[in-house]
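Colleague: sequence first, predicted coordinates after that:
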Amino acid sequence: MAVIFSKIGIIGGGISGLAAAKQLSNHNPIVFEATDSIGGVWKHCSVRTTKLQTPRHDYQFSDYPWPHTQQDDHTFPSYMEILDYLHSYANHFDLFKFISFNSKVTEIRFLGDQETMAYESLMSGKPIWEVAVHNTNSHTIQRYAFEFIVVCSGKYGDIPIIPKFPMKKGPEVFKGKVMHSQDYSKLNTQESLQLLKGKKVVVVGYKKSAIDLAVECAEANQGEEGKACTMVVRTSHWTVPHYSVWGLPFYLFYSTRFSQFFHQRPNQSLLRDLLCHLFSPLRKAASKIIESYLVWKLPLVKYGLKPDHPFEEDYASCQMAILPDKFFPEAEKGNINFKRASNWWFWEGGVEFQDNTKLDADVVLLATGYDGKKKLKLMLPEPFRSFLQFPSGMLPLYRGTIHPLIPNMAFIGYVESVSNLQTSEIRCKWLSRLVDDKFKLPCTEKMLEQITTEMEIMKKSTRFYKRSCISTYSINHNDEICKEMGWSSWRKKTWFAEAFSPYNSQDYEEDI
């Protein structure tokens with residue numbers, strides 16, 4: 001087949017891919033979605049109990065709010081509600097015409113001159129990247145050439161992280177069934193019930209996916225004949241039941257300009273450095289207030305789940321999870337048990353721990369995460385693949401979007417915050433203006449310097465710094481993006497609202 005030339009290619013049809021397609025729609029992009037539907041992880045990595053981690057009103061596109069009946073709803077929507085919202089958004093802005101379904105990118109080749117390429121004129125009319133796309137329906141390969149590529153394949157899904165085990169102590173010796181959460185999410189309701197009901201289930205992990213799996217296991221094992229599910233917890237993280245602390249809205253602690261003023265941010269002055277140091281007791285006090293509430297509200301001490309680190313460290317690394325309503329009530333009924341363990345392995349009847357105790361099991365579910373960086377490396381050619389290596393472990397991206405050493409390519413969805421939809425959308429707005437040559441990027445050295453500074457801030461904020469999270473300085477981060485786009489960075493109508501109300505996507509509607 002002949003190579004098809006187009007200006008912009010977008011890889012992935014999840015939240016970030018849809019936002020990118022909307023903001024770059026004037027270039028008629030081609031969106032490659034490997035599956036038969038949009039939604040990304042919401043479609044392919046969700047289980048029955050999966051809900052949004054932020055209230056509904058904080059998770060919406062700036063130009064497409066939730067329906068009126070749901071607009072002011074502070075609850076956490078289910079993944080099905082999210083998918084309905086995304087389909088409605090795509091229909092409203094006619095995005096489906098850009099999407100090529102069942103189109104899996106299998107190879108990317110660089111056509112440009114690496115020695116002379118720079119981020120000076122992005123849309124030169126010359127193809128820079130060639131992409132091989134496998135159509136999973138027709139089993140054919142079609143090649144495309146693009147001036148610019150936006151990678152929106154995300155960090156989650158596709159490549160699960162499977163723990164490594166000593167010789168003869170891996171899944172091969174276990175007589176039961178071992179399944180990663182990714183494979184479990186592909187089961188329908190009947191299949192998942194059949195897998196869990198009446199079985200001794202072990203769930204490995206204590207983040208959002210693991211918690212959801214434990215609840216599903218408990219729901220499937222109600223009654224006298226039901227079996228308890230056991231969660232194997234290596235590191236306990238802070239979990240919250242709702243966005244209220246001692247009657248105060250949660251956003252007051254971390255999501256206003258005033259509250260974020262006391263946290264370190266990139267490029268701050270010596271005076272701000274001094275103020276951050278002087279006001280560090282206030283930051284610790286805010287963290288302690290939240291911790292005291294959670295210990296009072298939840299039976300963390302009873303079950304040995306009270307973390308050893310401050311709440312602020314989980315928030316600064318985007319590790320905080322929202323608890324399903326039934327989680328601790330099911331634990332109180334004896335349907336969910338907990339085992340703290342740093343190391344474990346399989347034996348034929350279940351799992352064994354470093355303290356020589358054993359746990360019988362019929363099913364072991366691995367909620368052990370995904371290798372998003374490996375997914376990127378498999379996609380990119382050398383030498384660009386090696387540029388993803390960074391001592392901190394985080395992906396080195398300017399404004400969370402541009403790798404200074406990879407020309408004419410952007411990455412959306414690799415920076416996390418309280419609302420990943422908002423984080424992705426504003427970067428797509430920034431990217432569309434960059435592509436349209438409405439502003440210029442700094443030189444490579446300046447971009448690398450900015451990246452390093454941001455990584456140092458994250459490293460100082462939390463021991464879990466091996467992920468790009470801007471939650472403690474997200475407003476300042478967006479301020480800098482606004483300035484580059486030529487927008488006003490202060491988006492509220494009054495100084496009081498500017499200081500003490502939270503920012504959401506509606507604050508970043510287009511400047512007229």
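Modeller: It's in.
Colleague: what number of residues lie near residue 272?
Modeller: Residues near residue 272, counting by other CB atoms under 10 Å, number 14. Where C-beta positions appear, they are placed from N, C-alpha and C, glycine not excepted.
Colleague: buried residues in the strand or helix carrying it?
Modeller: Element membership for residue 272, per DSSP states H and E: helix 270-278. Buried residues in helix 270-278, counted by 16 or more other CB atoms under 10 Å: residue 276.
Colleague: from residue 444, how far out is residue 356?
Modeller: 54 Å (CB to CB, to the nearest Å).
Colleague: hang on, the earlier thing: show me what the helix or strand following the helix holding residue 272 is packed against.
Modeller: Using DSSP H and E, the helix or strand that follows helix 270-278 in sequence is helix 280-297. Applying 3 or more CB pairs under 8 Å, 6 or more residues apart in numbering; DSSP states H and E, we find helix 280-297 packed against strand 239-240, strand 244-245, helix 251-254, helix 311-316.
Colleague: now the angle between helix 280-297 and the least confident helix or strand in the chain by mean pLDDT, please.
Modeller: Across the helices and strands of the chain, mean confidence by mean pLDDT, DSSP states H and E is lowest for helix 270-278: a mean of 82. Calculated by axes from the mean of the first three to the mean of the last three CA atoms, to 10 degrees, helix 270-278 forms an angle of 40 degrees with helix 280-297.
Colleague: need the contact partners of stretch 154-162.
Modeller: For stretch 154-162, contacts defined as CB atoms under 8 Å, 6 or more residues apart in numbering pick out 12, 14, 16, 40-41, 44-45, 180-183, 366, 368-375, 378, 413-414.
Colleague: at 7 Å what do you get?
Modeller: 12, 14, 16, 40-41, 44-45, 180, 182, 366, 368-372, 374-375, 413-414 (CB atoms under 7 Å, 6 or more residues apart in numbering).
Colleague: of the residues you listed, which belong to strands?
Modeller: Mapping these onto strands (DSSP state E) picks out 180, 366.
Colleague: restricted to helices, list the contacts of stretch 154-162.
Modeller: 16, 41, 44, 182, 372, 374, 375 (DSSP state H).
Colleague: pull out the buried members of the residues you listed.
Modeller: Of the ones in helices among the contacts of stretch 154-162, these count as buried by 16+ other CB under 10 Å: 16, 41, 44, 182, 372, 375.
Colleague: quick check: the fourth one touching residue 47?
Modeller: No. The pair formed by residue 182 and residue 47 falls short of the contact definition of CB atoms under 7 Å, at 10.5 Å.
Colleague: longest strand in this protein, please.
Modeller: strand 140-151.
Colleague: list the neighbouring strands of that one plus their orientation.
Modeller: Each strand that pairs with strand 140-151, with its direction, by DSSP bridges: strand 4-11 (parallel), strand 129-135 (antiparallel), strand 409-411 (parallel).
Colleague: which residue sits closest to the residue nearest the centre of the chain, ignoring its sequence neighbours?
Modeller: Closest to where the C-alpha atoms of the chain average out (CA atoms, centre = their mean) is residue 416, at 5.5 Å. Of all residues not flanking residue 416 in the chain, residue 318 sits nearest, at 4.1 Å (CB to CB, 6 or more residues apart in numbering).
Colleague: run through the residues that contact residue 27.
Modeller: Residue 27 neighbours (CB under 7 Å, 6+ apart): 7, 8.
Colleague: that one and residue 294, how far apart?
Modeller: Taken as CB to CB, the span from residue 27 to residue 294 is 47 Å.
Colleague: residue 356 and residue 444: who's more crowded?
Modeller: Using other CB under 10 Å as the criterion, residue 356 and residue 444 rank with residue 444 on top: 13 against 6.
Colleague: which ones are touching that one?
Modeller: residue 404.
Colleague: need the pLDDT of it.
Modeller: Here, the pLDDT recorded for residue 444 equals 91.
Colleague: relative to residue 337, how far out is it?
Modeller: 53 Å.
Colleague: what of residue 160?
Modeller: Taking CB to CB, one finds residue 160 at 24 Å from residue 337.
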